[in-house]
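A.B. asks: got a predicted structure here, sequence first:
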Amino acid sequence: MPEHINLDGKKLVGIENDDGAVSADTVFQFEQTGERIYAHNCGGQIADGHLVGTFDEQEWNIRYVQITTDGETATGHSVGTAEILPDG
């Protein structure tokens, strides 16, 4: 059975991004209430970013907006999964 995951108060970094501005230098600071999540992110090529969506302890469904250090804006949708790795 998968371990319960709650993102409230967690700081996470991107580890894989095929063609976006998010990198391992981008830090996301999460808040979670029930299944609703919100995060502020910055670092690397991201000057300022925000996301809002839902998270059911395994899968998130979010919308994001961001501005890069070059002044480019972007918005989008992401669906992904989370897991706790062996090292915690």
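C.D. replies: Structure received.
A.B. asks: which stretches of the chain have low pLDDT?
C.D. replies: 1-2, 16 (pLDDT under 70).
A.B. asks: and the residue nearest the centre of it?
C.D. replies: Phe28 (5.5 Å; Cα atoms, centre = their mean).
A.B. asks: helix or strand for that one, which one?
C.D. replies: strand 27-33 (DSSP states H and E).
A.B. asks: what packs against that strand?
C.D. replies: In terms of contacts (3 or more Cβ pairs under 8 Å, 6 or more residues apart in numbering; DSSP states H and E), strand 27-33 is packed against strand 11-13, strand 36-43. Heads up, the C-betas are built off the backbone N, CA and C, glycines and all.
A.B. asks: what strands line up against the first one, and which way round?
C.D. replies: Within its sheet, strand 11-13 is paired with strand 27-33 (antiparallel), according to DSSP bridges.
A.B. asks: what's the closest non-adjacent residue to Tyr64?
C.D. replies: For Tyr64, ignoring the flanking residues on the chain, the nearest one in space by Cβ to Cβ, 6 or more residues apart in numbering is Leu51 at 4.1 Å.
A.B. asks: show me what the helix or strand harbouring that neighbour is packed up against.
C.D. replies: If you go by DSSP H and E, Leu51 is part of strand 46-55. If contacts are counted by 3+ Cβ pairs under 8 Å, 6+ apart, strand 46-55 sits against strand 36-43, strand 59-68.
A.B. asks: which one of those strands lies nearest to Gly20?
C.D. replies: With Cβ to Cβ as the criterion, Gly20 lies closest to strand 59-68 of those, at 9.0 Å.
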